[in-house]
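Colleague: Sequence first, predicted coordinates after that:
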Amino acid sequence: MFQYNSDKKAIVVDPTAGTYEDIVRAAEKCTAVIIHPGKPWNPDEPNLDKLIKRAEKFQ
């Protein structure tokens, strides 16, 4: 999902490589607060209401 670029900064290379929950968890752990989960790409993922609520503060 994430990969380091030539500047040694993490970038998203494939948002579909993990779940929306993975992206929300990454945002919660990011000390630089630069991950913005956006909207879920899979409308059938479990617990989306809770995940969207958790992601609100990073939007």
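Modeller: Okay, I see it.
Colleague: ok, the residue nearest the centre of the chain - contacts?
Modeller: Closest residue to the average C-alpha location of the chain: residue 23 at 2.2 Å, with Cα atoms, centre = their mean. Taking Cβ atoms under 8 Å, 6 or more residues apart in numbering, we find residue 23 in contact with 1, 15, 35, 37-38, 55. C-betas here are computed from N, CA, C, even on glycine.
Colleague: Just the element for it, please.
Modeller: Assigned by DSSP states H and E, residue 23 belongs to helix 20-29.
Colleague: Tell me which residues of that helix come out buried.
Modeller: Judged by neighbour count using 16 or more other Cβ atoms under 10 Å, the buried positions of helix 20-29 are 20-21, 23-27.
Colleague: Now those in a markdown table, please, with extra columns for pLDDT.
Modeller: Formatted as a markdown table, the buried residues of helix 20-29 follow (pLDDT from 0 to 100):
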| residue | pLDDT |
| --- | --- |
| 20 | 95 |
| 21 | 96 |
| 23 | 93 |
| 24 | 95 |
| 25 | 95 |
| 26 | 93 |
| 27 | 93 |
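Colleague: Save these as JSON lines, and put in distance to residue 42 too.
Modeller: JSON lines is the format used below for the buried residues of helix 20-29 (distance: Cβ to Cβ, whole Å):
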{"residue": "20", "distance to residue 42": "7"}
{"residue": "21", "distance to residue 42": "10"}
{"residue": "23", "distance to residue 42": "11"}
{"residue": "24", "distance to residue 42": "13"}
{"residue": "25", "distance to residue 42": "16"}
{"residue": "26", "distance to residue 42": "16"}
{"residue": "27", "distance to residue 42": "17"}
